[in-house]
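Visitor: what's the 3D shape of this:
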Amino acid sequence: MATTYSANARLQKPATTDRNWDVPINANTDAIDAMTAIGGLAVTTTETPSATLQVRVASGNFVKSDGTIANFPGTPSLAVPASSTAYLWLTDLGVPASGTSFPGSAHLRLAHVVAGPTSVLQVVDERIQCSAAGTGLGFVLKAGDMISGPLTVATPGSGAPLVVLDAPNRLVGFFGAAPASQAPAVNPFTSPSGAASDTLADVGLSFSQVVLNNNFASLAAKVDALIAALKRHGLMGS
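Guide: Next up, the predicted model:
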């Protein structure tokens, strides 16, 4: 019987005078193989040694691109082309796929397989076990990434909503306001006469046409500037 155990995985370590070393060695082998980081989603040949152009993929869990956890039940047989190098992966939906290289779309790398004319020559593990963690990280990190569901950007500390996005319905709310649709387009004003300025003048008792026209021109210019700003920021349709 083993007298000591390894510090982390508690694998059996037989003493020098122990007999029947096959018992703890076999138990350690099974324990290691069952570890997710080693056995989960592992790609191996269907026979040992390989006699066909087939590999198998073990079952295991993985994190999809949206952050949810998915289970892949494994597959006992997956064909690879003869005399080639095939790259194997799971799609974001957990479907096994292969090709001459890994895709640019969301996927989970498994392995690449070197095959001869009639059998598999080598299986190279391509699983990535570790990922970065810490503040400032998320699922949208590069150009081209998209969020398909609702998103709330909260104020640090208070947690008060700063921006609320309802992406499926194309709604946006600012500073805690409920998400609303984009304002419809509004045509700019046309002022046939008058000189616009930053001041509205008193029309006086005589109701001067020039002063009135200038005031209307000034108001039209300010409204047009607001419309242009709303359109420029996408808050109003063009």
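Visitor: low-scoring pLDDT stretches of the protein, where are they?
Guide: 1-2, 131-142 (pLDDT under 70).
Visitor: That one: helices as residue ranges?
Guide: With helices called from DSSP state H, the chain shows them at 22-34, 36-39, 209-232.
Visitor: Deepest in the core, which of these is it.
Guide: With neighbours taken as mean count of other C-beta atoms under 10 Å, those reach their highest mean count in helix 209-232, at a mean of 15. The way it works is simple: take the backbone N, C-alpha and C, and place the C-beta from them, glycine included.
Visitor: domain parsing for the protein?
Guide: Following automatic domain parsing, one finds the domains of the chain at 1-33, 41-128, 149-181, 182-238.
Visitor: Nearest residue to I32 in space, please, no chain neighbours.
Guide: Distance criterion C-beta to C-beta, 6 or more residues apart in numbering; nearest residue to I32, sequence neighbours excluded, is I38 at 5.8 Å.
Visitor: Could you double-check that that neighbour sits in contact with A31?
Guide: No - counting by C-beta atoms under 8 Å, I38 stays clear of A31, with 9.8 Å between them.
Visitor: Could I get the contacting residues of the residue of the chain most remote from its centre?
Guide: Relative to the mean C-alpha coordinate of the chain, counting by C-alpha atoms, centre = their mean, the farthest residue is S206 (67.9 Å). Not one residue lies near S206 by C-beta atoms under 8 Å, 6 or more residues apart in numbering.
Visitor: before we move on, the earlier item: save the helices of the chain as TSV, and put in distance to S148 too.
Guide: Converted to TSV, the helices of the chain look like this (distance: least, C-beta to C-beta, whole Å):
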stretch	distance to S148
helix 22-34	36
helix 36-39	29
helix 209-232	26
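Visitor: out of the ones you listed, which comes closest to S83?
Guide: Among these, helix 36-39 comes nearest to S83, with 29.4 Å by C-beta to C-beta.
Visitor: Tell me the helices and strands packed up against the closest one.
Guide: Judged by 3 or more C-beta pairs under 8 Å, 6 or more residues apart in numbering; DSSP states H and E, the packing partners of helix 36-39 are helix 22-34, strand 60-63.
Visitor: Which residues does the longest one contact?
Guide: Counting contacts by C-beta under 8 Å, 6+ apart, the residues outside helix 22-34 that touch it are M1, A2, A9, L11, Q12, K13, P14, D18, I38, G39.
Visitor: Give me the subset of those residues that lies in strands.
Guide: Among the contacts of helix 22-34, the ones falling in strands (DSSP state E) are Q12, K13.
Visitor: Pick out the most distant pair among the contacts of helix 22-34.
Guide: Top of the distance list for these (C-beta to C-beta): D18 and G39, 26.6 Å.
Visitor: one step back: make TSV out of the helices and strands packed on helix 36-39 and add distance to N71.
Guide: Output for these, formatted as TSV (distance: least, C-beta to C-beta, whole Å):
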stretch	distance to N71
helix 22-34	16
strand 60-63	5
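Visitor: quick one, which of those is nearest to L151?
Guide: For L151, the closest of the helices and strands packed on helix 36-39 is strand 60-63, at 19.1 Å, according to C-beta to C-beta.
Visitor: Direction included, what does the closest one pair up with?
Guide: strand 69-72 (antiparallel) (DSSP bridges).
Visitor: Look at stretch 55-66 and report the distance between its end residues.
Guide: 29 Å (C-alpha to C-alpha, to the nearest Å).
Visitor: What residues of that stretch count as buried?
Guide: For stretch 55-66, burial by neighbour count (16 or more other C-beta atoms under 10 Å) applies to V55, V57, A58, G60, K64.
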